[in-house]
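> I'd like to go over a predicted model; first the sequence, then the structure.
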Number of protein chains: 2
Amino acid sequence: MSISCVDFVLGSWLHCELPSGGALNITTMSAYLNSSTDAPNLLVELYQTTPTSMILILDLPPRKDILLNPDYLYPKTKSKLLSQTCTNKDTKLDRHRQHFQKLAGVTPYVSSSLYIRSIFSPTAVLACIESDRVEEMVRTHVSPIAKEMLKTWLDFGPFGERVVCESEKACLKMRDGVSKKKTIEFELGSSLPRIFGPDTANRVLEVLREVF
Amino acid sequence: MSISCVDFVLGSWLHCELPSGGALNITTMSAYLNSSTDAPNLLVELYQTTPTSMILILDLPPRKDILLNPDYLYPKTKSKLLSQTCTNKDTKLDRHRQHFQKLAGVTPYVSSSLYIRSIFSPTAVLACIESDRVEEMVRTHVSPIAKEMLKTWLDFGPFGERVVCESEKACLKMRDGVSKKKTIEFELGSSLPRIFGPDTANRVLEVLREVF
């Protein structure tokens, strides 16, 4: 058991008054692993745009090309991560996705960036929630499922036992590098200046670029 | 201009009476390219399960890992394929996806196989259509958009001018190989025996395995 495979953890709590009178509240937590493991990263994001609407992202984004590495979908760990078999509908993580899909007021969230869409796993929870009881939905549905995903991720990543050979390490390092750079460029680099203006955004982005 | 980059084209028209009294009608056309180009493949699939419901898949599945190759999203050809810029919502192919998303009676289609979900591009049209006028929807929406996608694909693949170096060719060959093998295993290998019984399915699968 070791947390030495965690590259860094990024948490953000952003609040921004909107010209329209409302407010934008963003809560995110992402954990990025280093190349000593090929376990997935962790992504928890909540964007509350109005008192009755929220965008929810819960995912363990894969760190390998799944098309080339189908076994990544059913890894050999103590808790089988993405599926028991690839065609089994009732997989552990896919159950969470299905849970949100079935809730009233929930529609799929699709990022405007094609690159960001490509980051997510096939079991990602990507949901637009419209409800008079958003707070209650967070307590009843989002919170317990996010905790379950965190537990799965901890078992799999920081406390998992995945061995990576040297050539795989180089591949992971390169893929992680490109993916982090492009995430800054396409996501934070376009949203932060819009929300906070160029000066504040640039100060934050400068720090993030160093860590990413 | 050359069609020498086409590995093979697979078309299928399947009709199967269901024990419940209805019928299953499947129409598919897929085109697989070889490693002389890195242009995407072509996928057109229609599954009519009842007279009022249909699953529609229209896509140009990428043949590279997008996370590692973000430029694949905006390739240098005469017709820019997937997007003008990666953050631009109004991309050519994404417009088709958005068109279907907005139609009444259309909900997102999610494959039961996690591997098959990973095959699609971020602009794939993956739609469950419920309508009393399915035939009309095919004429009005599916047919013209499928033709536009075919034109984009032809400009980009068989009649495109993409040059691939030797090391890229090897990567494409390996990725295409795994992806075709797994598509047979997870999709056709599980659906055909269910529809036609093991004997007929095995005869078809044996031929497909040789070509795939």
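That came through, no problem.
> Residue A:11 reaches residue A:31, doesn't it?
No. Using CB atoms under 8 Å, residue A:11 is not in contact with residue A:31; the gap is 9.4 Å. Every C-beta, even on glycine, is put in place using the N, C-alpha and C of the backbone.
> Pull the contacting residues for the residue nearest the centre of chain A.
In chain A, the centroid-proximal residue (CA atoms, centre = their mean) is residue A:43; its distance is 2.2 Å. Residues in contact with residue A:43 (CB atoms under 8 Å, 6 or more residues apart in numbering or on different chains) are A:28, A:30, A:57, A:58, A:59, A:60, A:61.
> which residue ranges form the helices in chain A?
A:92-102, A:114-119, A:134-137, A:143-156, A:166-183, A:189-211 (DSSP state H).
> quick one on the thing from earlier: neighbours of the residue nearest to the residue nearest to the centre of chain A when sequence neighbours are not counted, just the number please.
If the residues on either side of it in the chain are set aside, residue A:43 comes closest to residue A:59, at 4.6 Å by CB to CB, 6 or more residues apart in numbering or on different chains. Neighbourhood size, residue A:59 [other CB atoms under 10 Å in any protein chain shown]: 25.
> Tell me who's in contact with residue A:59.
Per CB under 8 Å, 6+ apart, neighbours of residue A:59: A:42, A:43, A:120, A:121, A:123, A:124, A:125, A:126.
> redo that, cut-off 7 Å
A:43, A:120, A:121, A:124, A:125 (CB atoms under 7 Å, 6 or more residues apart in numbering or on different chains).
> taking these one by one, which sit in strands?
A:43, A:125 (DSSP state E).
> ok, the lowest-mean-pLDDT helix or strand in chain A near chain B or not?
Least confident helix or strand, chain A: helix A:189-211 with a mean of 85, by mean pLDDT, DSSP states H and E. Yes. Helix A:189-211 lies within reach of chain B by CB under 7 Å from any CB of the partner chain, at residue A:190.
> How far away from the center of its chain is that helix?
Remark: helix A:189-211 is offset 20 Å from the chain centroid, using CA atoms, centre = their mean, to the nearest Å.
> can you list the residues that contact stretch A:176-196?
A:16, A:24, A:32, A:35, A:63, A:113, A:115-116, A:119, A:201, A:204-205, A:208-209, A:212, B:67-68, B:70, B:86-87.
> Show me which of these are buried.
A:32, A:35, A:63, A:113, A:115-116, A:119, A:201, A:205, A:208, A:212, B:67-68, B:70, B:86-87 (16 or more other CB atoms under 10 Å in any protein chain shown).
> give me the number of residues near residue A:25?
So residue A:25, with other CB under 10 Å, has 15 neighbours.
> Look up the closest residue to it, ignoring the ones flanking it.
residue A:48 (4.3 Å).
> can you pull the contacts of that neighbour?
A:25, A:54, A:134.
> now, which of these sits nearest chain B?
residue A:54 (19.1 Å; CB to the nearest CB).
> related to what we said a few turns ago, mind putting the contacts of residue A:59 into TSV with pLDDT and distance to residue A:169?
Below are those laid out as TSV (pLDDT from 0 to 100; distance: CB to CB, whole Å):
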residue	pLDDT	distance to residue A:169
A:43	96	22
A:120	97	24
A:121	96	21
A:124	97	26
A:125	97	30
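> Looking at the contacts of residue A:59, which is nearest chain B?
residue A:121 (8.2 Å).
> Just to check, the closest one is in contact with residue A:60?
Yes. With contact defined as CB atoms under 7 Å, residue A:121 counts as touching residue A:60 (5.9 Å).
> Quick check: neighbours shared by those two?
With CB under 7 Å, 6+ apart, residue A:121 and residue A:60 have common neighbours residue A:40.
> neighbours around the closest residue to residue A:114 other than its chain neighbours, how many?
Excluding the flanking residues, the one nearest residue A:114 by CB to CB, 6+ apart is residue B:122, at 4.3 Å. Using other CB under 10 Å, residue B:122 has 25 neighbouring residues.
> Residue B:122 against residue A:119, yeah?
No. Counting by CB under 7 Å, residue B:122 does not reach residue A:119; the two are 9.7 Å apart.
> Next, the contact list for residue A:106, please.
So residue A:106 contacts A:100, A:127, A:128, A:129 (CB under 7 Å, 6+ apart).
> what about the second one, distance to residue A:115?
For residue A:127, the distance to residue A:115 equals 20 Å [CB to CB, to the nearest Å].
> again with the first one
Residue A:100 sits 23 Å away from residue A:115, taking CB to CB as the criterion.
> does residue A:25 have beta-bridge partners, and which?
residue A:15, residue A:48 (DSSP bridges).
> From residue A:47, how far off is it?
8 Å.
> ok, which residues in chain A are in contact with chain B?
So chain A meets chain B at A:65-68, A:70, A:73, A:82-83, A:86-87, A:89, A:108, A:112-115, A:117-119, A:122-123, A:174-175, A:178-179, A:182, A:186, A:190 (CB under 7 Å from any CB).
> give me that answer again for 6 Å
A:65-68, A:70, A:73, A:83, A:86-87, A:89, A:108, A:112-115, A:117-118, A:122, A:175, A:178-179, A:182, A:186, A:190 (CB under 6 Å from any CB of the partner chain).
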